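*Asks:* Okay, predicted coordinates and the sequence, questions at the end:
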Amino acid sequence: MTTENKISVPASAGDAGKASKPRKKPFIASVIGGVFGFAGTVAPDLTARLVKRLIFTPTRLKPSEPGRSILGQARVDKRSIDGQTVYHYVWGDAGPRILLVHGWGGDAAQMTAYVEPLRQLGYQVVAIDMPAHGRSTGKSASVRHFEPCVANAARVYGEFHGVIAHSLGAAAVTFAMSRGFSAPRAVFLGPVSRYDSVWEYSRRMMNLPAKVMPRVVKHAQDWLGITFPEMEPARLAPAMSTPLLIIHDRGDRESPFDDAAVLAAAWPGAELVATEKMGHTRALRDPALVTQVVAFVTK
């Protein structure tokens with residue numbers, strides 16, 4: 001049975017007193033959207049190939065504090081996975097293990113709020129910079145590239161007691177579970193659950209004509225050698241047995257809350273916790289939610 005717990009989280013101090021106003025699209029974004037809109041109309045296939053390259057090429061961001069300092073306390077392991085050098089960060093030498101998996105455009109530093117609470121409870125913690133993210137090599141990535149890293153971590157470090165994953169990282173963990181990766185407990189934060197929502201979000205951001213995105217998906221599937229339905233969490237969920245806690249914000253613009261509800265309904269025994277004003281990433285560092293996540297994953 002799926003349960004939904006509604007919790008209200010106050011906005012940050014910077015949001016206090018601000019009236020809610022619709023976001024105005026920046027001028028440059030409007031210009032780019034106009035270019036893609038025109039190109040998609042006159043040359044849909046060429047535009048689709050360009051869009052596919054852009055969608056699967058993440059932007060690397062330098063780790064910010066306090067995540068950078070916490071990464072500096074870890075043992076760093078470099079391992080070759082599918083031809084890429086993938087960075088692993090390990091805190092602790094013994095104890096049950098927890099795996100931290102970041103999302104698209106993120107890095108291991110984003111997940112470090114869980115390190116100290118888990119270490120205090122005697123857990124060993126492992127985090128990964130996925131291919132084309134953080135310090136790991138590569139220019140392009142996808143769920144198909146994330147999944148071998150999740151599976152490899154279990155082979156290298158041993159069985160994990162739990163996994164905490166964000167956004168596309170949660171999709172990768174689900175895909176890995178469908179292929180044999182296991183953990184007694186799992187927490188997903190703002191998970192990507194249905195790829196149609198990803199395509200629609202990308203289409204709107206780039207102002208693409210409707211006929212372009214199906215071409216993008218086809219080119220991507222040809223490149224990856226697998227279809228997206230075969231990797232979609234909402235489709236894989238009914239076969240899962242790991243106890244799962246999903247934390248998702250109702251106002252998440254990148255991964256719709258309704259998709260998380262679909263995932264929770266399809267995943268046997270999953271629990272869905274709804275937040276407010278956390279967006280797509282604030283939950284990763286919110287003290288109350290960190291405490292809730294740690295309590296669940298260490299049961």
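*Replies:* All right, it came through fine.

*Asks:* tell me the contacts of the nearest residue to Pro184 once chain neighbours are set aside?
*Replies:* Leaving aside its chain neighbours, Pro184 sits nearest to His161 (5.8 Å; criterion: Cβ to Cβ, 6 or more residues apart in numbering). The way it works is simple: take the backbone N, C-alpha and C, and place the C-beta from them, glycine included. Remark: with contacts taken as Cβ atoms under 8 Å, 6 or more residues apart in numbering, His161 is in contact with Pro96, Arg97, Ile98, Tyr123, Ala183, Pro184, Arg185, Val297, Thr298.

*Asks:* I'd say the second one and Tyr157 touch.
*Replies:* Yes. Counting by Cβ atoms under 8 Å, Arg97 touches Tyr157, with 6.0 Å between them.

*Asks:* out of those two, which sits in the busier spot?
*Replies:* The neighbour comparison of Arg97 against Tyr157 (other Cβ atoms under 10 Å) goes to Arg97, with 22 against 15.

*Asks:* ok, so what distance separates the more buried one from Leu289?
*Replies:* Distance, Arg97 to Leu289, using Cβ to Cβ, to the nearest Å: 22 Å.

*Asks:* Likewise for Ser136?
*Replies:* Where Leu289 is concerned, Ser136 sits at a distance of 27 Å (Cβ to Cβ).

*Asks:* for Gln110, same thing?
*Replies:* Taking Cβ to Cβ, one finds Gln110 at 14 Å from Leu289.

*Asks:* Return stretch 261-274 as PDB; C-alpha atoms alone will do.
*Replies:* The C-alpha coordinates for stretch 261-274 follow below in PDB (Å, rounded to 0.1, in the frame of the first residue of the first chain):
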ATOM      1  CA  ALA A 261       3.000   9.600  -7.300                       C
ATOM      2  CA  VAL A 262       2.900   7.300 -10.300                       C
ATOM      3  CA  LEU A 263       6.200   5.700  -9.200                       C
ATOM      4  CA  ALA A 264       5.000   5.300  -5.600                       C
ATOM      5  CA  ALA A 265       1.800   3.700  -6.700                       C
ATOM      6  CA  ALA A 266       3.600   1.200  -8.900                       C
ATOM      7  CA  TRP A 267       6.400   0.300  -6.500                       C
ATOM      8  CA  PRO A 268       5.200  -2.200  -3.900                       C
ATOM      9  CA  GLY A 269       5.200  -0.700  -0.400                       C
ATOM     10  CA  ALA A 270       6.700   2.700  -1.400                       C
ATOM     11  CA  GLU A 271       6.100   5.700   0.800                       C
ATOM     12  CA  LEU A 272       5.800   9.200  -0.800                       C
ATOM     13  CA  VAL A 273       6.600  12.300   1.200                       C
ATOM     14  CA  ALA A 274       5.500  15.600  -0.300                       C
END
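
*Asks:* Low-confidence stretches in the stretch 1-150 of the chain?
*Replies:* 1-42 (pLDDT under 70).

*Asks:* that older thread, which one of the contacts of His161 is nearest to Thr275?
*Replies:* Nearest to Thr275 out of the contacts of His161 is Val297 (Cβ to Cβ; 17.3 Å).

*Asks:* Okay, and the beta partners of Tyr89?
*Replies:* Beta-bridge partners of Tyr89, counted by DSSP bridges, are Val76, Ala127.

*Asks:* which residues in the stretch 101-250 of the chain form helices?
*Replies:* 115-120, 143-157, 168-178, 195-206, 212-224, 233-236 (DSSP state H, counting those that start in this stretch).

*Asks:* between these, which has the poorest average model confidence?
*Replies:* Among those, helix 195-206 has the lowest mean pLDDT, at a mean of 91.

*Asks:* contacts for that helix?
*Replies:* Taking Cβ under 8 Å, 6+ apart as the rule, helix 195-206 contacts 32-33, 36, 51, 55, 192, 208, 210, 212-213, 216-217, 228-229, 231-232, 253-256, 259.
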